[in-house]
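Peer 1: Compute the structure for the input listed below.
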Amino acid sequence: MASLDNKGVNQIVNSFSFAVNGIKTAILSERNMRIHMIISILVIGCSFFFSISYVEWIIVILTIGGMIALELVNTAIERVVDLITKEYHPLAEQAKDIAAGAVFVYAITAVIIGIIIFLPKIINIF
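Peer 2: Coordinates of the predicted model:
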């Protein structure tokens, strides 16, 4: 079994540091990421309030994680496209629109999952 020396540990720590910096940058610079984070916090609060099941928690966590990860990928694609060309190009526009479309599809999926999990619990209150 291979052991980690100080250099290996430092590389791992740096990798996590870069990832956290990327998340922080996206939250600070991207309005949609902030919206996703606020909605995620609200959904987690609702999850505690409604005492959702273990399986529902797994689904909520995967849905939130997927949404945030996909928004990060979308942001990265937008930044790379902007880095490559400042001029209008139809392929650059398509790349950005397709990445945004992927986020939109997942967001709709997340809303449907939320309705399936939370609507019955809301109805039970009334």
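
Peer 1: and Met67, what element?
Peer 2: Assigned by DSSP states H and E, Met67 belongs to helix 54-84.

Peer 1: low-confidence ranges in the protein?
Peer 2: 1-4 (pLDDT under 70).

Peer 1: Can you tell me which residue sits nearest the middle of it?
Peer 2: The centroid of the chain falls nearest to Ile68 when counting by CA atoms, centre = their mean (0.5 Å).

Peer 1: Identify the residues contacting that residue.
Peer 2: Contacts for Ile68 (CB atoms under 8 Å, 6 or more residues apart in numbering) come out as 23, 33, 36-37, 40. Just so you know, the C-beta spots here come from the backbone N, C-alpha and C atoms, and that holds for glycine as well.

Peer 1: can you pull out the helices in this structure?
Peer 2: 6-29, 31-49, 54-84, 90-125 (DSSP state H).

Peer 1: and Thr63, how many residues sit next to it?
Peer 2: 20 (other CB atoms under 10 Å).

Peer 1: quick one: Met37 and Ile12, what's the gap?
Peer 2: Distance from Met37 to Ile12, counting by CB to CB, to the nearest Å: 26 Å.

Peer 1: Tell me which of these two has more neighbours.
Peer 2: Met37 (18 against 11).

Peer 1: count of neighbours near the residue lying closest to Ser47 once chain neighbours are set aside?
Peer 2: Closest residue in space to Ser47, ignoring its immediate chain neighbours: Val60 at 5.5 Å, by CB to CB, 6 or more residues apart in numbering. Val60 has 21 neighbouring residues, counting by other CB under 10 Å.
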